[in-house]
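S.K.: Here's my sequence, what's the structure:
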Amino acid sequence: LEVAIALAEVTVSRAASQEERGAARNDLGVALWRLGERDSGTGRLEVAVTNHQAALKERPRESAPLLWAATQNDLGIALQTLGLRESGTGRLEDAVSAFRAALEERTRDRVPLDWAATQNNIGIALSRLGERETGTGRFAEAVEAYRAALEVWTRDRLPIDWAATQNNLGNALQSLGVRESETGRLHEAIEAYRAALEVWTRDRVPLDWATAQNNLGNALSRLGALESETGLLDEAVSVYRAALEERTRDRVPLDWAQTQNNLGIALRTLGEREGGTQRLEEAVAAYSATLEEWTRERVPLRWAMTQNNLGNALQTLGEREGNAGRLEAAISAYRAALEEGTRERVPLRWAETQTNLGNALSRLGTMEAGTGRQAEALQAYSSALEVWTQESKPLRWAMTIENMSLIEGDLFRKTGEIKYLSSASKKLESARVVYVESRASQFVENNSQIAAWIDGLKGE
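M.R.: Predicted coordinates for the structure are as follows:
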């Protein structure tokens with residue numbers, strides 16, 4: 001690639017015609033973004049974008065429509081790669097615009113295989129945008145684009161590209177299923193991953209096979225979390241462990257860590273449903289392994305996410321065992337997570353970790369004679385409510401103030417101060433209003449039980 005860049009630069013400087021100069025600039029851009037994909041910085045990608053934009057001036061749509069479209073597609077790839085390195089959405093939106101421009105000339109009738117390639121590319125960019133935005137619109141568009149690509153990139157004609165697009169389709173469907181809490185999408189995602197694995201076999205493409213296995217595990221784990229039976233979760237654990245046979249730490253350390261984290265999530269969910277502590281112990285081991293590669297220095301937000309996950313497993317273990325040491329370890333993990341997963345960077349995740357921290361502090365407080373832990377728990381919940389407001393996240397807000405009422409009931413039992421019961425009753429009534437308005441009958445019933453407990457304390 002370094003040689004290709006050098007040759008393209010020479011060709012640009014010596015080009016005898018506009019057509020030759022446009023081709024050389026586009027070739028230079030392609031070589032730069034391919035090399036830039038391997039760099040940690042963005043310098044080469046920025047220069048690639050500049051060269052593709054210059055090439056578009058040398059390759060006008062009017063005189064060279066297909067070359068113009070090819071350059072738009074290459075520009076889109078460079079912008080997309082650059083956008084993945086940046087926190088905003090501007091570059092990804094520009095990438096989508098470039099791909100859509102390409103499709104104006106790269107029609108299915110004229111160049112079907114190129115049309116399919118650009119449909120796949122636009123699907124990838126839309127999916128990445130969807131990850132950074134709320135709602136489901138981007139993911140729905142991505143699904144449409146991938147399915148369009150599969151009409152031409154068939155299994156018989158281009159089996160490897162077909163499998164890659166099936167995997168991409170599975171990812172978009174899974175994201176839709178998670179956002180919509182809709183099991184149908186997750187079932188479709190599972191079908192897409194299984195289709196990809198028919199071609200992406202372990203013998204033919206071991207790392208791609210492991211990637212699809214990991215993604216299949218995610219869909220199975222998420223679907224299993226929504227169902228009462230544990231069969232899908234057991235299958236997810238098996239699938240993740242299969243993926244780890246090829247996604248080894250030596251070969252692909254960051255991907256190995258990702259699958260270890262996913263394995264931990266499935267094991268923790270299983271552990272919460274089963275008696276005993278074996279699954280939870282295995283989850284702690286998987287998260288601890290993840291943190292060996294997802295270090296704070298290398299991937300700070302992923303490190304923070306895994307610290308939060310580790311805290312969840314430790315907290316459940318602590319509750320099940322009545323073990324204060326486990327709860328202390330969970331609290332330490334949550335506090336570590338908050339050091340990188342800040343409100344400014346990831347506000348919703350920060351609020352979730354604050355809530356988890358409040359839960360652990362509250363549980364630990366019930367094991368101790370003093371009230372310090374309860375005070376810390378109330379502060380953590382109050383912090384979460386700065387993001388989980390009644391207007392933006394009504395159910396989360398209601399569940400959090402309900403948790404606070406439980407702490408206030410415990411504080412009354414320890415101090416005898418009636419103010420805590422008055423405050424708890426007000427919070428429970430506010431939460432109940434939200435549950436009724438949201439038609440969340442299961443939450444209304446639980447709320448009534450807590451209110452009865454508070455009334456009983458008043459009688460004491």
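
S.K.: ok, for the most centrally placed residue in the chain, nearest residue in space, not its chain neighbours?
M.R.: For the chain, the residue nearest the mean C-alpha position is Glu131 (6.9 Å; CA atoms, centre = their mean). Computed as CB to CB, 6 or more residues apart in numbering, the closest residue to Glu131 that is not its neighbour in sequence is Ser175, at 7.0 Å. C-beta here means a position set from N, CA and C on the backbone, and glycine is covered the same way.

S.K.: residues near that neighbour, how many?
M.R.: Using other CB atoms under 10 Å, Ser175 is surrounded by 20 other residues.

S.K.: Likewise for Gly322?
M.R.: 10.

S.K.: Over to Gly135?
M.R.: 9.

S.K.: any idea which helix or strand carries Met404?
M.R.: Here Met404 sits within helix 394-415, counting by DSSP states H and E.

S.K.: tell me the mean pLDDT for that helix?
M.R.: Average pLDDT, helix 394-415: 97.

S.K.: now swap in stretch 371-391 and tell me
M.R.: Averaging pLDDT along stretch 371-391 yields 97.

S.K.: if we can go back for a sec, look up how far Asn121 lies from the residue nearest to the centre of the chain.
M.R.: 16 Å (CB to CB, to the nearest Å).

S.K.: residues contacting Ile331?
M.R.: Contact partners of Ile331, counting by CB atoms under 8 Å, 6 or more residues apart in numbering, are 311, 357, 360-361, 364.

S.K.: distance of it from Thr259?
M.R.: As judged by CB to CB, Ile331 and Thr259 stand 27 Å apart.

S.K.: Next, count neighbours for the nearest residue to Asn168 once chain neighbours are set aside.
M.R.: Sequence neighbours aside, Tyr146 is the residue nearest to Asn168 in space, at 5.5 Å (criterion: CB to CB, 6+ apart). Neighbour count of Tyr146, defined by other CB under 10 Å: 28.

S.K.: mind listing what Tyr146 touches?
M.R.: Applying CB under 8 Å, 6+ apart, we find Tyr146 in contact with 119-120, 123, 165, 168-169, 172.

S.K.: what's the burial count for Arg241?
M.R.: Neighbourhood size, Arg241 [other CB under 10 Å]: 13.

S.K.: That one: what secondary structure?
M.R.: helix (DSSP: H, G, I helix; E, B strand; the rest coil).

S.K.: And for Thr107, the neighbour number?
M.R.: Thr107 has 12 neighbours, counted by other CB under 10 Å.

S.K.: Which of the contacts of Ile331 fall in helices?
M.R.: Residues of the contacts of Ile331 located in helices (DSSP state H): 311, 357, 360-361, 364.

S.K.: Can I get those in TSV including distance to Leu421, pLDDT and neighbour count?
M.R.: Shown next, in TSV, are the ones in helices among the contacts of Ile331 (distance: CB to CB, whole Å; pLDDT from 0 to 100; neighbours: other CB atoms under 10 Å):
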residue	distance to Leu421	pLDDT	neighbour count
Gly311	30	98	26
Leu357	25	98	27
Ala360	24	98	30
Leu361	21	98	24
Leu364	22	97	23
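
S.K.: Right, I'll call it a day here.
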